[in-house]
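1. Provided below for reference: sequence and predicted model.
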Amino acid sequence: MSILLLPPILALFTIILIYIYFKRQYSSSPNDPPGQKPQIIFGNIFNSGLLTGRKTGPELFTAYQQEYGDVFLFWAGSHKCLVFCLPEHAQTIFSDRHTFDQSPLFIPNFDLLCPNGIITLSGAKWKRHARVMLPMFKRAKIVHYLETILHCTDQFIDKHLDDNHTYTDLTLRCQSLLMNIIAFIAFDHDLEAQIDSSCARALQDFIYYAGQFMMTAWLPRWLGKLYLKLNWKYQRAHRVLRELSEQIVEQEQNKHNDSESQRPKNLIASLVSSLNEQANDEQISSGLTQAEIFDEVLMAITAGTETTATALSWFMFYMSKHPRVQQRIKQELKEHDLAMGDNAHSSLLNLETLDSLVYCDCVTKEVLRLAPVAGITARRATRDTVVDGVPIHRGQDLYVALYNMNKDPRYWHHGDPNEFIPERFLFEDKNHHPYAMVTFGGGHRACLGQDLAQFELKLMIARLMQRGVSFEDTPENIGGCKQQVTCRPRHLVVRVRIDHN
Ligand code: HEM
């Protein structure tokens, strides 16, 4: 055989090997549920329209469920994922913590933003962080932020909303409001009052670039690392926030004995009591190191700003389409003797009153049910098992289609589940299936910030309505979803009215 033939034979051999590799990599087994055929490298993210923006995640999974049934296959790039759409599936998966744990596919590459944030951890390290972090976000703790949330909402109305003005950027304005709240909660910093402070700039930059980074999660990991390393604005923001966090820790540690009884004013200060530089998971140990505390705060900022801001902007959209609902919330506030309009500042919107606002509670729940803030969550199987007859092997990734469950007509009976009807929670849907509404996921990896998010949302809604704010529809206000880290309203164009009386 001539030596000249060797290179083409080798090339052909390599091509055949690559072909076999990809064929195996992207092949389904006979036991797999149905799904769209994957493409090499992209899986289904390109041919489904997800990458091109033709479809958002929630829209896509709704369409797939209609086409393929309640369990189907989805290829997230080269990852083969099983998607489960029924509340019974969610119940089985969420309640079996020994078989299903966090999957890196939930928020890919999040570990590059805050490697010690609870969202990225598993096993013993997750348990150690959970012991510190879960109690921090329980309702009993977060109700202390009531005054802060009211103060920030008032600032938002006074500085960001004008009467009889049509807004096209309310989603961004909602982000500023939530950023303001989280700056108070995390650092005790008033962003609105110190709009040009280094902390304000750092927070804005951190949230912006972290959001951009999470949108490119399908890119190779090394590229993500390079992006963060070379992005000097992100690096500067990270450094400023770290220094601020270290400063607060130091101040808290140097507090005099006489001020020890004072309640810590922010999240970092609250976490200082669990500071333990020796904390590790090999020996039984508890607490968090300073670096871990900082990452947990970054995690709360990242996970807690965009999500709740998106939910608030969906509230504004639904209100513009349902003036009757706004009227009914205002009626309820009046029935509780809350002063309205400009007098609202002096009126007591306290915890007791807030808890008695039943209709406002239904509106908050309906926003969280119908708004596709986080359409899915993910789990990875830690051992072989079977769910609804579908075999799952150890290491398999699953998606739980939260948004599909939240509006499945088989589980929601009061009118059309695709419609915004807060009254459903007063009538037939009051006692819905416990896993039919899974906006915050479930089980041991359920959303850590759910009490905070619900409390913030209800309080912001009540205050906006109490201050006489209404949202009016316009011809350009056609809704639709835009997939960012969360699914935001695509066309939110509403006229704001403020009734000062
Ligand atoms: C409307 C607002 C929010 C929505 C819709 C939302 C939704 C979710 C969902 C669906 C999950 C996954 C749960 C699972 O896999 O079972 C999650 C996890 C998480 N969320 Fe939220 N979230 C919101 C607000 C917040 C806030 C305000 C914070 C914190 C300040 C937060 C922090 C977290 C954390 C740390 C996790 C991971 C928990 C773990 O893995 O152990 N979230 N969230």
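-> Happy to help now that I have it.
2. quick one, what contacts the residue of the stretch 51-200 of the chain found nearest the ligand?
-> Closest residue of the stretch 51-200 of the chain to the ligand, CB to the nearest ligand atom: I119 (3.9 Å). Every residue, glycine included, has its C-beta placed from N, CA and C. I119 makes contact with Q102, F106, I107, F110, M299, A303, L448, according to CB atoms under 8 Å, 6 or more residues apart in numbering.
3. The first one contacts H129, doesn't it?
-> No - in this structure, Q102 sits apart from H129 without contact. The criterion is CB atoms under 8 Å, and the distance is 11.9 Å.
4. joint contacts of those two?
-> When contacts are counted by CB under 8 Å, 6+ apart, the set common to Q102 and H129 consists of L121.
5. and the helix or strand in which A130 is found with the ligand, contact?
-> Using DSSP states H and E, A130 maps to helix 123-136. No - Helix 123-136 is not in contact with the ligand by CB under 6 Å from any ligand atom; minimum separation 6.6 Å.
6. mind checking how far the helix or strand harbouring C174 is from the chain centre?
-> Here C174, judged by DSSP H and E, is contained in helix 170-187. Computed by CA atoms, centre = their mean, to the nearest Å, the chain-centroid distance of helix 170-187 equals 14 Å.
7. How about stretch 120-138?
-> On the basis of CA atoms, centre = their mean, stretch 120-138 sits 17 Å off its chain's mean C-alpha point.
8. same thing with stretch 292-308?
-> Centre-to-centre, stretch 292-308 and its host chain are 10 Å apart (CA atoms, centre = their mean).
9. which stretches of this protein have low pLDDT?
-> 1, 23, 25, 217-218, 256-265, 284, 346 (pLDDT under 70).
10. and the gap between the most centrally placed residue in the chain and the ligand?
-> For the chain, the residue nearest the mean C-alpha position is T307 (4.1 Å; CA atoms, centre = their mean). Distance, T307 to the ligand, by CB to the nearest ligand atom, to the nearest Å: 3 Å.
11. So for the helix holding A130, what gets flagged as buried?
-> Using 16 or more other CB atoms under 10 Å as the test for burial, helix 123-136 gives K125, W126, R128, H129, V132, M133, M136.
12. need the contact list for the residue in the stretch 251-400 of the chain that the ligand sits nearest to.
-> As assessed by CB to the nearest ligand atom, the ligand sits closest to G304 within the stretch 251-400 of the chain, at 2.9 Å. Contacts for G304 (CB under 8 Å, 6+ apart) come out as L178, I182, G449, L452, A453.
13. Tabulate those residues (a markdown table), appending distance to L357 and neighbour count.
-> Output for the contacts of G304, formatted as a markdown table (distance: CB to CB, whole Å; neighbours: other CB atoms under 10 Å):
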| residue | distance to L357 | neighbour count |
| --- | --- | --- |
| L178 | 21 | 26 |
| I182 | 24 | 27 |
| G449 | 21 | 20 |
| L452 | 18 | 25 |
| A453 | 17 | 24 |
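14. Intersect those with the contacts of the ligand.
-> G449, L452, A453.
15. Mind checking which of these are in helices?
-> Cross-referencing the ones next to the ligand among the contacts of G304 against helices under DSSP state H gives L452, A453.
16. Can you lay out the ones next to the ligand among the contacts of G304 as TSV showing distance to L170?
-> Formatted as TSV, the ones next to the ligand among the contacts of G304 follow (distance: CB to CB, whole Å):
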residue	distance to L170
G449	22
L452	22
A453	18
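17. one step back: compile the buried residues of helix 123-136 into a markdown table and extend it with columns for distance to D499.
-> Below are the buried residues of helix 123-136 laid out as a markdown table (distance: CB to CB, whole Å):
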| residue | distance to D499 |
| --- | --- |
| K125 | 52 |
| W126 | 48 |
| R128 | 51 |
| H129 | 46 |
| V132 | 45 |
| M133 | 41 |
| M136 | 38 |
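18. For T382, state which of these is nearest.
-> Taking CB to CB as the measure, T382 lies nearest W126 of the buried residues of helix 123-136, at 12.6 Å.
19. Tell me the spatial nearest neighbour of that closest one, not counting adjacent residues.
-> Excluding the flanking residues, the one nearest W126 by CB to CB, 6 or more residues apart in numbering is I118, at 6.5 Å.
20. ok, now which ones touch that neighbour?
-> W126, H129, A130, M133, E296, M299, L448.
21. For stretch 475-494, buried residues please.
-> Neighbour-count burial for stretch 475-494 flags N477, C481, Q483, V485, T486, C487, R488, P489, L492, V493, V494 (criterion: 16+ other CB under 10 Å).
22. May I have the phi/psi pair for the nearest residue to the third one once chain neighbours are set aside?
-> Ranked by CB to CB, 6+ apart and with sequence neighbours excluded, the top spatial neighbour of Q483 is T56, at 4.2 Å. Its backbone dihedrals place T56 at phi -100, psi 170, with angles given as degrees, to the nearest 10.
23. And the residue nearest to the centre of the chain, how far from Q450?
-> 10 Å (CB to CB, to the nearest Å).
24. Would you mind listing the residues touching both of these two?
-> Here T307 and Q450 share no contacting residue, scored by CB under 8 Å, 6+ apart.
25. May I see the buried residues of the host helix or strand of F13?
-> Under the criterion of DSSP H and E, F13 resides in helix 6-25. Using 16+ other CB under 10 Å as the test for burial, helix 6-25 gives no buried residues.
26. which outside residues touch that helix?
-> Contacts of helix 6-25 (CB under 8 Å, 6+ apart): I40, S78.
27. how far is it from where the chain is centred?
-> On CA atoms, centre = their mean, the centre of helix 6-25 falls 43 Å from that of its chain.
28. Check stretch 219-239 too.
-> 22 Å.
29. Okay, buried residues for that stretch please.
-> Here stretch 219-239 shows G224, Y227, L228, N231, Y234, A237, H238 as buried, counting by 16+ other CB under 10 Å.
30. how about those in a markdown table, adding secondary structure and distance to the ligand?
-> Listed next are those as a markdown table, based on DSSP: H, G, I helix; E, B strand; the rest coil; distance: CB to the nearest ligand atom, whole Å:
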| residue | secondary structure | distance to the ligand |
| --- | --- | --- |
| G224 | helix | 20 |
| Y227 | helix | 23 |
| L228 | helix | 20 |
| N231 | coil | 24 |
| Y234 | helix | 20 |
| A237 | helix | 18 |
| H238 | helix | 18 |
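31. Need the max-distance pair from those.
-> Applying CB to CB across the buried residues of stretch 219-239, the maximum distance is between G224 and A237, 16.8 Å.
32. My read is that L113 contacts Q212, right?
-> No - in this structure, L113 is not within contact of Q212 by CB under 8 Å, at 11.2 Å.
33. Looking at the two, which one has more neighbours?
-> Neighbour tally, L113 and Q212, criterion other CB atoms under 10 Å: the higher count belongs to L113, 23 against 14.
34. Would you mind measuring from the more buried one to L105?
-> When L113 is compared with L105 (using CB to CB), they lie 16 Å apart.
35. before we move on, what about L82?
-> According to CB to CB, L82 and L105 sit 12 Å apart.
36. out of these two, which sits in the more crowded spot?
-> The neighbour comparison of L82 against L105 (other CB under 10 Å) goes to L82, with 23 against 19.
37. what about stretch 420-431, how long is it end to end?
-> Length of stretch 420-431, first residue to last, CA to CA, to the nearest Å: 18 Å.
38. Any buried residues in that stretch, and which?
-> Using 16+ other CB under 10 Å as the test for burial, stretch 420-431 gives F420, I421, P422, E423, R424, F425, D429.
39. got CSV for the residues you listed, with distance to Y318 and secondary structure too?
-> Shown next, in CSV, are those (distance: CB to CB, whole Å; DSSP: H, G, I helix; E, B strand; the rest coil):
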residue, distance to Y318, secondary structure
F420, 5, coil
I421, 10, coil
P422, 9, helix
E423, 13, helix
R424, 13, helix
F425, 14, helix
D429, 17, helix
